[in-house]
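Participant: Give me a 3D structure for the following:
(chains A, B, C and D)
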There are 4 protein chains.
Amino acid sequence: MMKGNLDKGILLISCPDREGIVSAVSTFLFTNGANIIHSDQHSTDPVLGHFFMRIEFSYPQLNEQLGELKRAFEETAAPFQMEWSITASSKKTRLAIFATKEDHCLQELIWRWQLGELHAEIGMVISNHLDFKELTESAGIPFYHVPVTKDSKAQATAEHLHLLEEQQIDTVILARYMQIIPEEIINLYHNDIINIHHSFLPAFIGGHPYQQAFDRGVKIIGATAHYVNAKLDEGPIIEQDITRITHRYNVSDLKRHGKDIERIVLYRAVKWHLEKRVIVHGNKTIVFQ
Amino acid sequence: MMKGNLDKGILLISCPDREGIVSAVSTFLFTNGANIIHSDQHSTDPVLGHFFMRIEFSYPQLNEQLGELKRAFEETAAPFQMEWSITASSKKTRLAIFATKEDHCLQELIWRWQLGELHAEIGMVISNHLDFKELTESAGIPFYHVPVTKDSKAQATAEHLHLLEEQQIDTVILARYMQIIPEEIINLYHNDIINIHHSFLPAFIGGHPYQQAFDRGVKIIGATAHYVNAKLDEGPIIEQDITRITHRYNVSDLKRHGKDIERIVLYRAVKWHLEKRVIVHGNKTIVFQ
Amino acid sequence: MMKGNLDKGILLISCPDREGIVSAVSTFLFTNGANIIHSDQHSTDPVLGHFFMRIEFSYPQLNEQLGELKRAFEETAAPFQMEWSITASSKKTRLAIFATKEDHCLQELIWRWQLGELHAEIGMVISNHLDFKELTESAGIPFYHVPVTKDSKAQATAEHLHLLEEQQIDTVILARYMQIIPEEIINLYHNDIINIHHSFLPAFIGGHPYQQAFDRGVKIIGATAHYVNAKLDEGPIIEQDITRITHRYNVSDLKRHGKDIERIVLYRAVKWHLEKRVIVHGNKTIVFQ
Amino acid sequence: MMKGNLDKGILLISCPDREGIVSAVSTFLFTNGANIIHSDQHSTDPVLGHFFMRIEFSYPQLNEQLGELKRAFEETAAPFQMEWSITASSKKTRLAIFATKEDHCLQELIWRWQLGELHAEIGMVISNHLDFKELTESAGIPFYHVPVTKDSKAQATAEHLHLLEEQQIDTVILARYMQIIPEEIINLYHNDIINIHHSFLPAFIGGHPYQQAFDRGVKIIGATAHYVNAKLDEGPIIEQDITRITHRYNVSDLKRHGKDIERIVLYRAVKWHLEKRVIVHGNKTIVFQ
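Facilitator: Model prediction:
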């Protein structure tokens, strides 16, 4: 069984909770020659609740055997009405990063990617401005300038869709991209668009959250990474973090300190998404860490 | 100058910012025989902004000399249009704590007071229930049971007002008191009623914030201590803090973890208020730490 | 299978890692009628490492069936060389709390226990002083005064051992107990004595850690809960936490702020220990949360 | 008084505490036409303690008048035995950054500098390796490669001293520079060399702190920025921060998470140093924030 390369894979499961799921899945993996490296699970309620599971396993020559393993698992999955996926770890997610004029989130993602901390290929950076062309290209990443004006929205969307398809993009990251994403793209990338909002949602929904925070006199500011759905700032939250502020901070101090939170929160959300640690259920996320 | 006891005092100042304030104040203190122990200041803007200052000083026999010192300071204060106060540290603020059925905030305040960490006298605990009678009285604090029903609100308010006056209460603490405070009391205790709200305001204003937080799927919950004004949950924020949560927490887990944040946040706000560290300006606070 | 009460149990496993463990265990539980509520696992290394597992499960009438279930599991456990335990959740651990003159940790534990947050019976409080007699007894907990002087150490140990046996104590908590625990007791309660050390170990081992922290000028102080073994302050760490300090804090400020960390760190460690979330391996702990 | 540009300056004072200091200093500033923008102070003890003060002020044409203002202040300073400095904010500190093979701290400093968050000129990067040549030069910063081997130490020190003088360096930052700094340089840059140590000092002094932390089984790791003096890892601490870890982290996980703490802690320490917020007293720092 140990002949060939030991490749790694990830199995994600979501189904109604009932007895015997763990036993069935672990027995399937064992009898098929997979070794469980790490396993995590969650149930919203053992009685009539929903069950979620993430298993990292090693498997000889998984890359070659993936199709067969999937076919075999169908038999185990069906009686439990599982939604499931098996991914070979060798497969890297292809990212598109959208940005506008603030560079901190884009910089952080590129830097983490260069350090090998993001299990992804960055297929391209798209911006409605030209500012990040050099930054992007000097990292060896294609840059596309797609201006968005009131009148060019439909054309921009068409170009976005064309580029996303051409570059075979799996996941879109909005790294402080200051344009609304049209429904066409949201529907195409269901739970595959990650946005960073510069407030501790649901506080300060909408525009100028740091100004709102300043006006309200809060003592803590935050940032929120979430999947994008049709309702602005209301998609499933992946990660949040905060930093303390005082009466001494003016709005530009809040922005400056907020940037440090935004970039780390977005980085974590993207990292966990790429490592298949996030399962969306309703409007909430399970994050297996 | 060093004859007599060296008592401590606190000078608070709030005025339009302009040149020469610090010089005038520190020279007044020096020439009158006060020694500055600690000083803190803040300006919203050196040009046309507002200036705030808190000075801890020692002064021979301040308790006896307080009236005279105040009269003398008036001359320094007037040209700068200062709002100001001088308090002798020997004067303890008299507190009334209002509570209902959750004991964690009340327990924390009594316990901190017993440890000598709150510079106050707890004049009484008022509750619309009888649950905390023994807890309160065993700490040597008078307990008053004032039931509040739909029909008895006016009568309860009258009794509250009577007790507050009789007990010479300076500051009211709402330690998870689950009744609306009537405008009469709010007006009487302007910026002298502190409430703990069990969310990270302005997120989850209103009832059942932990249920709201659960439904929204946030990754962090918090608590907010604020002064009470006529608008529910919208008074000046004194302190906030948070704790991380995960998808594993149900609503009662959120409540349980939230309690630990509520009690510490309320404790800090009350402590800072008692130490005259908080200045309210508009709907915001300056907190000198 | 659903006849009878559904009792909860916890299975802990520790063994050399190899393939098939999860499958064997979950299949055993499933075929024996147990339902997995939550499961967590860890491997130090899939190849030649050590494997740890904690499973919460429900089981009809576990209290009556525990002996039989254990006998049955032996067959599954043996081939994997498992060290393991199965505990019925209905069984409460019996605690003895040792304290001296600082009350914050003792207060916290009693208060959490009264709130129902500690799955334990507090069998007794033992102190070398009389200060906590009233506090303890007013909570309905037996208090024993066992003075410890240079000359009475052997006698005190004998009395401790007698009381621990008489009260059928499972776990000893040192809530800022300022005497050395003799080896006899340490050996009897292997990985069942929890101490709170008032520093962020291994910084400031030994006496007066807050004075040491002040002298070194650190910007953060902490506390450490650990199992007690023969080497002072070197047992397996269960939990640590910290708080920020500034140059303004003198030693007594450090002590005051440190208390808040000590009590919460000890509380967490005790809670996790009681919930069988902690496995000791060598001089380190696995803490399943 | 308002003619000419309003330049900003910073006054730092350190002297034995006694009455009248604040009054004397603020009166000096006021009568000389300076306006206090922000002021902070600290006394280790009002009686026989040491007093520290930092004042930000605005002054017409400070750059031209600095010499005269200093001469004038001497009269105020002398009777109080003040050690003091007045710096015009327009003067940027010149930095040399030493690095070896880990780029995260260097990257962070360059990136913050590009964002305008460091009030400094980065005069050069010096490394005993060639890895960061491109990174440094592409940011427009001179890079010097000074190899250090057992036999070339004296020569390397000579070259370092030559470059530091030639480039008129005020402050040296050791951004994970893995060579011992010779006493000659330490003496020349007294309290002007900042090092980042990858542990929560004084825990894990010396080499391989993450391995030490792993072996000890701590639940929190940290980083420490400190001034460098003759005793390795024992200089005055400027800033520390931490991150939580679990039993799941191996040594390389610790290193990876530690990097995020190291870079932010070093950044903060450098920023505060550049803004003249740090005063060294004995082996400790006062940090005015």
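
Participant: for the residue of the stretch 101-250 of chain A found nearest chain B, what are its contacts?
Facilitator: Proximity of the stretch 101-250 of chain A to chain B (C-beta to the nearest C-beta) peaks at A:G217, 3.2 Å away. Every C-beta, even on glycine, is put in place using the N, C-alpha and C of the backbone. Each residue near A:G217 by C-beta atoms under 8 Å, 6 or more residues apart in numbering or on different chains is listed here: A:247, B:236-237, B:283-285.

Participant: can these go into CSV with extra columns for neighbour count?
Facilitator: Converted to CSV, those look like this (neighbours: other C-beta atoms under 10 Å in any protein chain shown):
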residue, neighbour count
A:H247, 18
B:P236, 20
B:I237, 23
B:N283, 16
B:K284, 18
B:T285, 24
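
Participant: Greatest separation within those: which pair is it?
Facilitator: Across the contacts of A:G217, the longest distance by C-beta to C-beta is 12.4 Å; it joins A:H247 and B:N283.

Participant: Next one, pLDDT for A:F52 please.
Facilitator: Looking at A:F52, its pLDDT is 97.

Participant: if I read this right, it contacts A:I279, doesn't it?
Facilitator: Yes - using C-beta atoms under 8 Å, A:F52 is in contact with A:I279, at 5.3 Å.

Participant: Now the common contact residues for the two.
Facilitator: With C-beta under 8 Å, 6+ apart, A:F52 and A:I279 have common neighbours A:12, A:14, A:286, A:288.

Participant: show me the contacts for the residue lying closest to A:F143 once chain neighbours are set aside.
Facilitator: Once flanking residues are discounted, A:F143 sits nearest to A:T136: 4.1 Å by C-beta to C-beta, 6 or more residues apart in numbering or on different chains. Applying C-beta under 8 Å, 6+ apart, one finds that A:T136 lies in contact with A:106, A:110, A:125, A:142-143.

Participant: now these in JSON lines, with secondary structure and neighbour count?
Facilitator: Output for these, formatted as JSON lines (DSSP: H, G, I helix; E, B strand; the rest coil; neighbours: other C-beta atoms under 10 Å in any protein chain shown):
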{"residue": "A:L106", "secondary structure": "helix", "neighbour count": "26"}
{"residue": "A:I110", "secondary structure": "helix", "neighbour count": "23"}
{"residue": "A:V125", "secondary structure": "strand", "neighbour count": "26"}
{"residue": "A:P142", "secondary structure": "coil", "neighbour count": "14"}
{"residue": "A:F143", "secondary structure": "strand", "neighbour count": "18"}
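
Participant: among those residues, which two are most distant?
Facilitator: Longest span within these, C-beta to C-beta: A:L106 and A:P142, 14.0 Å.

Participant: Helix or strand: which one has A:Y249?
Facilitator: Under DSSP states H and E, no helix or strand contains A:Y249.

Participant: The one 4 residues further on now?
Facilitator: Using DSSP H and E, the element containing A:D253 is helix A:251-274.

Participant: Over to A:Q41?
Facilitator: Element membership for A:Q41, per DSSP H and E: strand A:35-43.

Participant: packing partners for whichever helix or strand comes after that strand?
Facilitator: Once strand A:35-43 ends, the next helix or strand along the chain (criterion: DSSP H and E) is strand A:50-60. Contacting strand A:50-60 under the criterion 3 or more C-beta pairs under 8 Å, 6 or more residues apart in numbering or on different chains; DSSP states H and E are the following elements: strand A:6-16, helix A:21-31, strand A:35-43, strand A:278-281.

Participant: average pLDDT across the helix holding A:D253?
Facilitator: So the average pLDDT for helix A:251-274 ends up being 96.

Participant: Quickly check: it near chain D or not.
Facilitator: Yes - Helix A:251-274 comes into contact with chain D (C-beta under 8 Å from any C-beta of the partner chain), by way of A:256, A:260, A:264.

Participant: In that helix, which residues are buried?
Facilitator: By neighbour count with 16 or more other C-beta atoms under 10 Å in any protein chain shown, helix A:251-274 contains the buried residues A:254-274.

Participant: between A:L106 and A:P142, what contacts are shared?
Facilitator: Going by C-beta under 8 Å, 6+ apart, residues that sit against A:L106 and also against A:P142 are A:125, A:136.

Participant: What's the local residue count around the residue of the stretch 51-200 of chain A found nearest chain C?
Facilitator: As assessed by C-beta to the nearest C-beta, chain C sits closest to A:S58 within the stretch 51-200 of chain A, at 6.7 Å. If you count neighbours by other C-beta atoms under 10 Å in any protein chain shown, A:S58 ends up with 20.
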